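Colleague: The following block contains a protein sequence and its predicted model.
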Amino acid sequence: RDTCAGSSSHRREQNRHGGCVLLVCACSSVDWGASRKVQALPPIPPLTPTFVELCRGPRPHFPISSAMSTSKIKSPALDSPTAAYGSIWDARPRKYKSVLFQVCAFILMMELSERLSYYGINQGLKNFMQKIGWSLVSASALKSTWTSICYITPLFGAYLADEKWGRYRTILIFGIWYCIGDFLVAIAAHPDIMTEKAIVNPIFVIGLFVGIGVGTGAIKSNVITFGADQFDPNDPSEVHQKETYFSYFYFCINFGAAFSYGYLSVLCVEGSAQIPAEYGYFATYMICAVVMVVAIFFFIVGSPRYVHMPPKDRSISTLLLLLKESAHTSRDGAIVVTGALLLLFSLVVNIASAFSADSGRAGEALSYVAAAMVLVGVVCWVYAAHDQSFMDSMKESQGGHFDDTQVDGYKKLVSALPFAAYTIIWQCAYDQTDANFQSITQQCDLRLDRSDPDSSQIPGAMLGVFDPIFIVICIPILDSIVYPFYEKRFGKPPSQFGRVCAGLIVAAVGIFWSGIFEIIRRNAGPLQDANGDPILDGGSDQPMNDISWAAAIPNYVFIALAECLINVTAYDVFYSVVPLGLKSTSQSVNLFMISVGSVMTSVFTIMFSPYLPSDDLNDGNLEYMFFTVGAVSVVNFFAFYFTMKKMNFGMSSSTTNDEFDLQGKDSVASRHSVAATK
């Protein structure tokens, strides 16, 4: 799910044959591999979602007008002198035969450690929060709220790296910041601290939300691009190494996820031969903290070898200036800005709602306020952004302060806002895999031997790995069978619009099925041992019912299939709809929608807390929430269908609408990378 945070790095170099090679950082925060689960990805092709080589050979013509050099506010990422980059790689203290292993190994270690730490914290988060006194509702809501923070803070990290500090300094500072958060969470998990309610919660909340939530966002928005910066685009050997770098980058992410959802998910619940079960969470979180210390140490050791790109891009600041002016010069501009502010501040209201969910009706009331803010924000974007002509008044040719080319680029970005708004409910459904699906799974029969009441159990969090597993299965089926069959039957490939529509339908069906499955699970009745006592789940200490954990797998399958149809297409749309200098800024809109989707997951969980009177799902009606989310998903589908039809948005069968995508095949939404988007 982790996409671009708004950073961009664009360089133009003259190759030795006189051709122009234009390299684009499509998404500097592309933690495409930030899958919360384990994936097995094929080797990354030369044209990756992060760095796209747009042209080779003969010099192409790029429509950059001379007016840009004299405009009051220049186009983002296109106004930096290209000569400034000519000697960056040559200025390296020494020439390394293998930049991948002699330079980027230190950066890859940072990514491996950060992902291991993130997943190690994430997989046991709900159960740990319940153990320190939070209810099931609060734990679920707070986990989704934390996820929303993790997906909004990369914008802050990208801004600092691109406009203030540079990538190295940003990664280092927030790596230390992240590490402090890890240690605070580990301290909170010590058995002696866990029993002190007045102490454990402040330490835990500060460490999780302020430390890890901010730190992970700032790191993920820069580390993949910082590694790619190390390779000289004029050296064929280093260009080849860069292709391999992305494969190693994804391997590091997957290894971190595999270790966390494999070993750490068991350690935190059951302990080990040397670690008592009561120290399981402390040991797990301390491992996460220690690996970050080691990573920071080696990251600093490698610093003399790094190439540092100067922070010159100002696309984020320029976007804010443009939005401010549009709000003052036109009604539609003011509505668009109002919608953005409502969506942003819904996060703030939801934080208050999540932390007060156990304090009477206040949390529930705030959840309705947050939901209303999201709804109005969506309506504002759909109403005002479907026609972007209100932005013409900001052009220099019409008396504005922005050059015409730049405004035209931002108009294309604004045209994607209605599409973006309709993905929020999908992101809410998507976030269920890490939120309420885990609660359902933990009250199924998790025993490895169902005939033995004392049999070892599969950690409920571990089942989340089925989502990326089925993504890896679904992608080849869609690419090799479904899409070719559609093209043969209808004479054209499926359009972006069609694929998203299909995905929204699958997601709605999946959410309805989750509600039905919850009824089936509850009616199966609790498991009992020989004495008639309930058999409890080791993670949540709640009674397990007489239905196998395998029966919960379809919940993840529906979401995985919808993810293949929607997320791939969404990344493609946000990349192809805008010109060169705004591609990463466009992806940041997608990232923002993921954050708001997690807000809605928290909101729905709190809204339906009256139907969950205890932490035992057998006492409540969680299916009511799923049926409501499903109904909203149906309404969202029809609204999306008619709005996109009216706008004629995404109707092309080609995934290459980008005027700069000269090779006609280089999409940011490579179908082989969707498994790495969580």
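Modeller: All right, it came through fine. Numbering: from 1, shown residues only.

Colleague: Just the residues contacting stretch 289-309, thanks.
Modeller: For stretch 289-309, contacts defined as C-beta atoms under 8 Å, 6 or more residues apart in numbering pick out 9, 85, 88-89, 92-93, 96, 102-103, 105-107, 109-110, 112-114, 116-117, 166-168, 171-172, 175-176, 178-179, 182-183, 185-186, 226, 229-230. In short, each C-beta sits where N, CA and C put it, glycine included.

Colleague: Which of these fall in helices?
Modeller: 102, 105-107, 109-110, 112-114, 116-117, 167-168, 171-172, 175-176, 178-179, 182-183, 185-186, 226 (DSSP state H).

Colleague: Which of the residues you listed are buried? Put it as a PyMOL command.
Modeller: This is the PyMOL syntax for the buried subset of these, where burial follows 16 or more other C-beta atoms under 10 Å:
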select buried, resi 105+106+107+109+110+112+113+114+116+117+167+168+171+172+175+178+179+182+183+185+186+226
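
Colleague: Now residue 379: closest residue in space that isn't a chain neighbour?
Modeller: In space, and not counting its chain neighbours, residue 379 is closest to residue 339: 7.5 Å by C-beta to C-beta, 6 or more residues apart in numbering.

Colleague: Please apply the same query to residue 211.
Modeller: Excluding the flanking residues, the one nearest residue 211 by C-beta to C-beta, 6+ apart is residue 181, at 1.7 Å.

Colleague: Count residues in the vicinity of the one you found, would you?
Modeller: Neighbours of residue 181 under the rule other C-beta atoms under 10 Å: 27.

Colleague: my guess is it meets residue 219, correct?
Modeller: No - if you go by C-beta atoms under 8 Å, residue 181 and residue 219 don't touch, sitting 11.6 Å apart.

Colleague: just for the protein, where's the confidence low?
Modeller: 1-87, 580-581, 584, 652-678 (pLDDT under 70).

Colleague: max-length helix in it?
Modeller: Longest helix in the chain by number of residues (criterion: DSSP H): helix 496-523.

Colleague: any idea how far that one is from the chain center?
Modeller: Centroid separation for helix 496-523 versus its chain: 21 Å, with C-alpha atoms, centre = their mean, to the nearest Å.

Colleague: List the buried residues of it.
Modeller: 496-504, 506-515, 517-518, 521-522.

Colleague: I'd like the next helix or strand past it.
Modeller: Next along the chain after helix 496-523, taking DSSP states H and E as the criterion, comes helix 553-576.

Colleague: Extract the CA atoms of that next one and return them as CSV.
Modeller: Taking Å, rounded to 0.1, in the frame of the first residue of the first chain, the C-alpha atoms of helix 553-576 are listed here in CSV:
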residue,chain,number,x,y,z
ILE,A,553,-9.1,-17.6,4.3
PRO,A,554,-11.7,-16.5,1.8
ASN,A,555,-11.9,-13.2,3.7
TYR,A,556,-8.4,-12.5,2.6
VAL,A,557,-8.9,-13.9,-0.9
PHE,A,558,-11.6,-11.4,-1.8
ILE,A,559,-9.5,-8.5,-0.7
ALA,A,560,-6.4,-9.8,-2.5
LEU,A,561,-8.3,-10.1,-5.8
ALA,A,562,-9.8,-6.6,-5.4
GLU,A,563,-6.3,-5.3,-4.6
CYS,A,564,-5.0,-6.7,-7.9
LEU,A,565,-7.8,-4.9,-9.8
ILE,A,566,-7.9,-1.6,-7.9
ASN,A,567,-4.5,-0.8,-6.5
VAL,A,568,-2.6,-1.7,-9.7
THR,A,569,-4.9,0.5,-11.7
ALA,A,570,-4.9,3.3,-9.2
TYR,A,571,-1.1,3.6,-9.2
ASP,A,572,-1.2,3.6,-13.0
VAL,A,573,-3.9,6.3,-13.1
PHE,A,574,-2.0,8.6,-10.7
TYR,A,575,1.2,8.2,-12.6
SER,A,576,-0.1,8.5,-16.2
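
Colleague: just the angle between the helix or strand that it is followed by and helix 553-576, please?
Modeller: Using DSSP H and E, the next helix or strand after helix 553-576 towards the C-terminus is helix 583-607. Inter-element angle recorded for helix 583-607 and helix 553-576: 150 degrees (by axes from the mean of the first three to the mean of the last three C-alpha atoms, to 10 degrees).

Colleague: quick one: contacts for residue 139?
Modeller: Counting by C-beta under 8 Å, 6+ apart, residue 139 has contacts 125-127, 129-130.

Colleague: repeat that with 10 Å
Modeller: Residue 139 makes contact with 125-133, 354, 357-358, 435, 438-439, 540, 605, 615, according to C-beta atoms under 10 Å, 6 or more residues apart in numbering.

Colleague: do the same with residue 131
Modeller: Applying C-beta under 10 Å, 6+ apart, the residues near residue 131 are 124, 139, 189, 194, 200, 281, 539-541.

Colleague: Export these as a markdown table, with columns for distance to residue 252.
Modeller: Shown next, in a markdown table, are those (distance: C-beta to C-beta, whole Å):
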| residue | distance to residue 252 |
| --- | --- |
| 124 | 21 |
| 139 | 29 |
| 189 | 25 |
| 194 | 32 |
| 200 | 32 |
| 281 | 25 |
| 539 | 27 |
| 540 | 31 |
| 541 | 34 |
